[in-house]
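1. Show me the folded form of this:
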Amino acid sequence: MTTKNPHLEHGVGISGLVHNLQNLPQEWAGATFHGAYEPQRLAAIALQADNVKTSSLSGLRAAGKILAIAAQSGELATDENIDAGWLVEFLAELADAMDVLAHNARYVQEHGPLTDPPAP
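-> The predicted model follows:
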């Protein structure tokens, strides 16, 4: 019998991830989790980060196709090309950050924290 993870109530994408991180210490910004994170929350964070990464990579692929087609046809103005370039960079950085977040959440869940919880 599987137990439903209560930390997935707000979704399995970015809204659920934000909910799981918003009231926690800021260690997650460096993807360092400590012992105060319960295993179900770590599992939810890892799943949600993977889902956000997948969505980011999907957007990155779409932006790449649009840029390739526009480059061939000359349909994008210089400003639009610059904006599209920044979008590609953002999506790539987001995917990279989510990969680190997911891997570190899984590591702590499986092997324990690398750091002690912060003092109250």
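2. give me the low-pLDDT residue ranges for this structure?
-> Residues of the chain meeting the criterion pLDDT under 70: 1-2, 23-32, 34-36, 114-120.
3. Let me see the ranges of the strands in it.
-> Secondary structure of the chain (DSSP state E): no strands present.
4. So for it, the centremost residue is which one?
-> With distances taken as CA atoms, centre = their mean, the chain has Met98 as the residue nearest its mean C-alpha position (2.9 Å).
5. where along this structure do the helices fall?
-> Under the criterion DSSP state H, helices of the chain are mapped to 14-22, 39-73, 78-111.
6. right, and those helices - which one's nearest Pro6?
-> With CB to CB as the criterion, Pro6 lies closest to helix 39-73 of the helices of the chain, at 6.8 Å. In short, each C-beta sits where N, CA and C put it, glycine included.
7. list the buried ones in that closest one?
-> 41-53, 55-57, 59-60, 63, 66-67 (16 or more other CB atoms under 10 Å).
8. The closest residue to Leu76 other than its chain neighbours: what's it in contact with?
-> Leaving out its chain neighbours, the residue that sits closest to Leu76 by CB to CB, 6 or more residues apart in numbering is Ala70, at 4.0 Å. If you count contacts by CB atoms under 8 Å, 6 or more residues apart in numbering, Ala70 has them with Leu76, Glu80, Asn81, Ala84.
9. now, which of the residues you listed sits nearest Gln22?
-> When the contacts of Ala70 are ranked by distance to Gln22 (CB to CB), Ala84 comes first, at 30.6 Å.
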